[in-house]
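[1] whatever this is, show me its structure:
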Amino acid sequence: MFAKLPLTALRGFESAARLGSFKAAAQELNVSPAAISHQVKSLEAFLGVRLFERSSQNVRLSADGERLHPYMHRALLDIQHGLQVLAPPCVAQSLVVSTTPAFASLWLIPRLGDFHRLYPDIDVRLHTSNDVVDLLRDASIDLAIRALFTPDPQLFEQPLLDEYFGVYCRPGWQPPTAGSPIELIDVPWLSSASVAVDWPVWCARAGILDWLDNARFRRYDEEQHALQAAIAGHGLVLASNVLVAEAVVRGELVGYRPEVRLEGARYTVVCVPGRERQAAVQVFSEWLLGHSNG
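    Below you'll find the predicted structure:
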């Protein structure tokens, strides 16, 4: 049934397509770049289509290559999963999770001890970056937690947390008298093209535009730094309910005018289709969803 399948060439193609480089694929598979080139050419001859567009500088997938790659990636993942099922149960499983530094430090890591206690044989490694990792090309990432406004049709998705933005302050904080200065902590928040998340919009919703006339802005580039500044009493912060949750639970911050909210994204667990069936990915995803209300 599978006698004519060019398995070696398919593996070489998948690696080159995912990594975007014959040289990188050669390093991953421990062969020469010429061997990868030969495998790809043999697969192209077998299929009768061109899978890569080649130039003197680089290679990139053709339209047919783009169509083929997701199928090959999922198929090889399934083979890998099937082999892992037969691995001795004492062998620790590794799980690489990609997310932003803010979500990792403010939401995930405070809860991660519970996962380690429940599943000591799964080694969770965090990959943190504000850049979106291309999961279809980087097979080293098992799943990602992202704040999304629109679904990605190429990925398997599970909704995790709905986000909104509100103002938070230290317990006991009192609004200034009319005309007095007010300290506002400012940080760039991810928003959709149609919804701004900033102090002018919140103040307009709250009906207190005079704050902006007397504001002393404390600006930060990182969300976690802005929240630490608010906890230290450096002013009010406009923040994500998801990222501020732990500080609220600890009593370090409280909501001010909690009825005034700005729309945010939805935190979603995503992975390459097929990978959600892998045992470690499935267990971690279910654990995340179990913590989505707390």
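
[2] least confident secondary structure element in this protein?
    helix 63-85 (a mean of 82; mean pLDDT, DSSP states H and E).

[3] name the residues that touch it?
    Outside helix 63-85, the residues that touch it by C-beta atoms under 8 Å, 6 or more residues apart in numbering are 10-11, 13-14, 17-18, 47, 49-52, 61, 93, 136, 139, 154, 272-275, 277-279. Where you see a C-beta, it was placed from the backbone N, CA and C, and this is true even at glycine.

[4] next SSE downstream of the lengthiest strand in the chain?
    In the chain, with assignment by DSSP state E, the single longest strand is strand 156-169. Under the assignment DSSP states H and E, the closest C-terminal helix or strand after strand 156-169 is strand 182-186.

[5] what sits against residue 16?
    22, 24-25, 36, 40, 52, 59.

[6] and the helices in the stretch 1-150 of the chain?
    7-19, 22-29, 33-47, 63-85, 101-103, 109-118 (DSSP state H, counting those that start in this stretch).

[7] out of those helices, which is closest to residue 149?
    Residue 149 lies closest, by C-beta to C-beta, to one member of those: helix 101-103, at 15.7 Å.

[8] quick one: contacts of the closest one?
    128-130, 145, 147, 222-224, 242-243, 267.

[9] now the contacts of helix 63-85: which count as buried?
    By neighbour count, with 16 or more other C-beta atoms under 10 Å, the contacts of helix 63-85 hold 10-11, 13-14, 17-18, 51-52, 61, 93, 136, 139, 272-275, 278 as buried.

[10] how many neighbours does the closest residue to residue 26 other than its chain neighbours have?
    Spatial nearest neighbour of residue 26, excluding adjacent residues (C-beta to C-beta, 6 or more residues apart in numbering): residue 33 at 4.4 Å. Residue 33 has 15 neighbours, counted by other C-beta atoms under 10 Å.

[11] and what of residue 187?
    Neighbour count of residue 187, defined by other C-beta under 10 Å: 22.

[12] what's it in contact with, if anything?
    When contacts are counted by C-beta under 8 Å, 6+ apart, residue 187 touches 219-223, 225-226, 237-239.

[13] could you measure from it over to residue 226?
    To residue 226, residue 187 is 4 Å away according to C-beta to C-beta, to the nearest Å.

[14] what's the answer for residue 30, then?
    Distance of residue 30 to residue 226, computed by C-beta to C-beta: 46 Å.

[15] among the two, which residue is more densely surrounded?
    residue 226 (26 against 7).

[16] what sits against that one?
    185-187, 220, 237, 239.

[17] any idea of the pLDDT on it?
    We note a pLDDT of 95 for residue 226 in this prediction.

[18] tell me if I'm right that residue 167 and residue 259 touch.
    No: Residue 167 is beyond contact range of residue 259, at 10.9 Å (criterion: C-beta atoms under 8 Å).

[19] these two - which one has more neighbours?
    More crowded of residue 167 and residue 259, by other C-beta under 10 Å: residue 167, with 23 against 8.

[20] hey, what's that one bridged with?
    Beta-bridge partners recorded for residue 167 (DSSP bridges): residue 238, residue 256.

[21] which ones are touching it?
    Neighbour list for residue 167: 202, 206, 236-239, 255-257, 260 [criterion: C-beta under 8 Å, 6+ apart].

[22] likewise residue 57?
    Going by C-beta under 8 Å, 6+ apart, the list of residues near residue 57 is empty.

[23] tell me the pLDDT of it.
    Confidence score, pLDDT, at residue 57: 73.

[24] one more: residue 31?
    For residue 31, the model assigns a pLDDT of 85.

[25] any idea how far the closest residue to it other than its chain neighbours lies from residue 28?
    Nearest non-adjacent residue to residue 31, counting by C-beta to C-beta, 6+ apart: residue 12, 7.7 Å away. Distance, residue 12 to residue 28, by C-beta to C-beta: 10 Å.

[26] brilliant, that's me finished.
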